[in-house]
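K.L.:
Mind looking at a prediction? Sequence and model below.
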Amino acid sequence: MAFSLTTWNINSVRLRLPIVEHFLKLKNPDILCLQEIKCLEDQFPADAFRALGYEHIILHAQKGYHGVATISKLPLTEDYRHNYCGVGDARHISAIFERGGRRIRLHNFYVPAGGDEPDRTINPKFGHKLDFVEEMKVLRSDAEADTSSILVGDLNIAPLENDVWSHKQMLKIVSHTPVETEGMIEIIRAGNWVDLMRQNVDPSEKIYTWWSYRAKDWAAADRGRRLDHIWSSPDLGPRLQDIEILREARGWERPSDHVPVTATFDL
């Protein structure tokens with residue numbers, strides 16, 4: 001039984017609704033996880049998604065900032081959101097869905113970006129990011145009996161050398177500093193997660209999901225980073241059929257700086 005799931009930092013769902021609708025008509029995933037929706041719950045364009053067959057929507061919303069949404073053709077239950085770092089930001093939501101006789105917990109994350117200076121003594125945003133990452137280390141893929149797990153989102157860390165355009169030049173740039181990359185690798189190890197985007201792609205190969213707005217010609221410069229992730233519990237790893245990074249979406253009209261990443265499974 002085929003199942004597909006997409007994660008996408010949309011950088012304002014209302015502003016970019018036309019390209020989201022275009023994507024859903026083009027790729028038709030079973031579940032779409034959005035980050036940085038940047039609106040309150042009553043402002044979310046739910047009717048537009050329902051018109052495309054996505055009847056099940058759960059939100060963790062916040063005015064003007066952050067916010068995550070899980071939009072599904074499949075029923076979602078046990079809606080839960082964790083208040084990471086106790087600051088009240090809308091950065092996490094999870095729910096249960098069932099497919100192919102499996103019960104699956106789906107986590108949708110937007111990890112703090114961390115500002116520009118990788119020093120928590122002068123940059124509180126970086127300190128907040130490190131604290132958030134530390135709290136994520138207790139999140140296990142096998143936390144619930146008889147339940148598989150998938151974790152997706154904009155995690156704002158490119159953990160491996162070839163998850164950035166230049167490992168050497170990025171070592172002191174927020175998103176690829178050693179303290180961040182080591183923290184993410186520890187989340188994966190401690191939680192027994194599988195990094196599905198790298199499962200069938202050799203670490204020597206470049207993978208990007210984000211290209212800066214600051215580049216005059218993002219495609220020509222190609223200075224990307226892999227900031228968006230799809231992980232799973234080990235039992236789902238062998239069920240993965242494909243990962244698609246829709247690079248062309250970075251060139252769509254009024255694009256996000258992130259592109260949609262879709263995992264397809266045989267469940």
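P.N.:
Happy to help now that I have it. Every value quoted in this text rests on a predicted model; they were computed, and no experiment measured them.

K.L.:
Can I get stretch 88-107 in PDB, CA atoms only?
P.N.:
The C-alpha coordinates for stretch 88-107 follow below in PDB (Å, rounded to 0.1, in the frame of the first residue of the first chain):
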ATOM      1  CA  GLY A  88       5.100  29.300  24.200                       C
ATOM      2  CA  ASP A  89       6.300  29.200  20.600                       C
ATOM      3  CA  ALA A  90       4.300  27.200  18.100                       C
ATOM      4  CA  ARG A  91       7.100  24.900  16.900                       C
ATOM      5  CA  HIS A  92       5.800  21.300  17.300                       C
ATOM      6  CA  ILE A  93       2.700  19.200  16.700                       C
ATOM      7  CA  SER A  94       2.200  15.500  16.500                       C
ATOM      8  CA  ALA A  95      -0.700  13.100  15.800                       C
ATOM      9  CA  ILE A  96      -1.500   9.500  15.100                       C
ATOM     10  CA  PHE A  97      -2.500   8.200  11.700                       C
ATOM     11  CA  GLU A  98      -3.000   4.600  10.400                       C
ATOM     12  CA  ARG A  99      -2.000   3.100   7.100                       C
ATOM     13  CA  GLY A 100      -1.600  -0.400   5.900                       C
ATOM     14  CA  GLY A 101      -2.500  -1.800   9.400                       C
ATOM     15  CA  ARG A 102       0.200   0.300  11.000                       C
ATOM     16  CA  ARG A 103      -0.300   2.900  13.800                       C
ATOM     17  CA  ILE A 104       2.200   5.800  13.200                       C
ATOM     18  CA  ARG A 105       3.000   8.800  15.300                       C
ATOM     19  CA  LEU A 106       3.900  11.800  13.100                       C
ATOM     20  CA  HIS A 107       5.900  14.700  14.600                       C
END
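
K.L.:
What residues sit buried inside it?
P.N.:
By neighbour count with 16 or more other CB atoms under 10 Å, stretch 88-107 contains the buried residues 89-97, 99, 102, 104-107. In short, each C-beta sits where N, CA and C put it, glycine included.

K.L.:
Of all pairs in those, which one spans the longest distance?
P.N.:
Greatest spacing in the buried residues of stretch 88-107, by CB to CB: Asp89 and Arg102 (30.9 Å).

K.L.:
ok, which stretches of the stretch 101-250 of the chain are strands?
P.N.:
102-110, 148-154, 194-195, 210-211, 224-225, 228-232, 240-245 (DSSP state E, counting those that start in this stretch).

K.L.:
Sounds good, over and out.
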